[in-house]
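[1] Sequence and predicted structure are below.
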Amino acid sequence: MAAPLALNHIGMTVPDIDHAIDWYGSVMGFRLISRRLMEYQPQIPEVREIFGPQFVRAHQAHLLSANGVGIELFQFLEPAVAAPADNFRYWQTGIFHLCITDPDLEALTERIVSRGGRQRTKIWSFLPGRPYRQVYCEDPFGNIIEAFSHSYAETFSNMPGWNLVEETTPYRCHVPVCRQLIFGPRRQLGHFLWHLTDRSNRPITASVLTRQGRFPSERSEQEA
């Protein structure tokens, strides 16, 4: 199995890029780091290869979320943005929502609705006896947004009765690393999130399920 890669950014089409920049900034705190008018020019042929022969111009903006994952906004001018007949085609192949983490789902939902978005569902506690909650909303442009109260790793590593996958990371702790426990270890089963680097000093986040509540590198002297 390959080493886990980091999610870099998500691309999203909107009909009004200025409105979208303001909305995602005021509702979710996403920071604008750059924007431009993107046009096809012979000296940058990759634009035409990516978007096809019909592409001429588009506004483009790059926003940054709290954990460094980018939101890339596009407002296409030629051809112009067209709204789909159904904005929630979850049964069709492709990405149908993005999800963010916010422990205060009530306040987030209130901001979404008060600034022109929509709350699609009530706030659900979807696992009895656990604190995990979720809600489905959408931005003013019809893009579907899910919100979780807890991190993805914590939520889905603690599902009772689910088949947790046990695996080890191909990287050893060959350099000093910063390890953060996303939640306390359980006596017989712990799920940890490592923050480490590979041999080229690139950051990696490796989610590792371990038994005995230890990292694989923390073997006892008897095991060594």
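    That came through fine.

[2] going forward, measure contacts and count neighbours with C-alpha atoms only.
    Will do.

[3] In this protein, where is pLDDT below threshold?
    For the chain, residues meeting the criterion pLDDT under 70 lie at 161-224.

[4] Could I get the full set of helices for it?
    17-28, 46-51, 105-114, 152-156 (DSSP state H).

[5] Helix 17-28 and the third one, what's the angle between them?
    Yep, that's helix 105-114 we're talking about. Using axes from the mean of the first three to the mean of the last three Cα atoms, to 10 degrees, one finds that helix 105-114 and helix 17-28 are set 160 degrees apart in direction.

[6] Would you mind listing the buried residues in helix 105-114?
    Within helix 105-114, the residues that qualify as buried by neighbour count (16 or more other Cα atoms under 10 Å) are Leu105, Leu108, Thr109, Arg111, Ile112, Val113.

[7] next one: the second one
    If you call a residue buried by 16+ other Cα under 10 Å, then helix 46-51 has these buried ones: Val47, Arg48.

[8] quick revisit: same list (the helices of the chain) but as TSV, adding distance to Tyr90.
    Listed next are those as TSV, based on distance: least, Cα to Cα, whole Å:
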stretch	distance to Tyr90
helix 17-28	23
helix 46-51	24
helix 105-114	21
helix 152-156	20
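
[9] quick one: contacts for Ser65?
    Contacts for Ser65 (Cα atoms under 8 Å, 6 or more residues apart in numbering) come out as Gly29, Phe30, Arg31, Ile71.

[10] of all these, which comes closest to Gly142?
    Ile71 (15.7 Å; Cα to Cα).

[11] thinking again about what came up before, in CSV, list the contacts of Ser65 along with neighbour count.
    Putting the contacts of Ser65 into CSV (neighbours: other Cα atoms under 10 Å) gives the following:
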residue, neighbour count
Gly29, 14
Phe30, 21
Arg31, 18
Ile71, 20
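
[12] Farthest-apart pair in these, please.
    Gly29 and Ile71 (11.7 Å).
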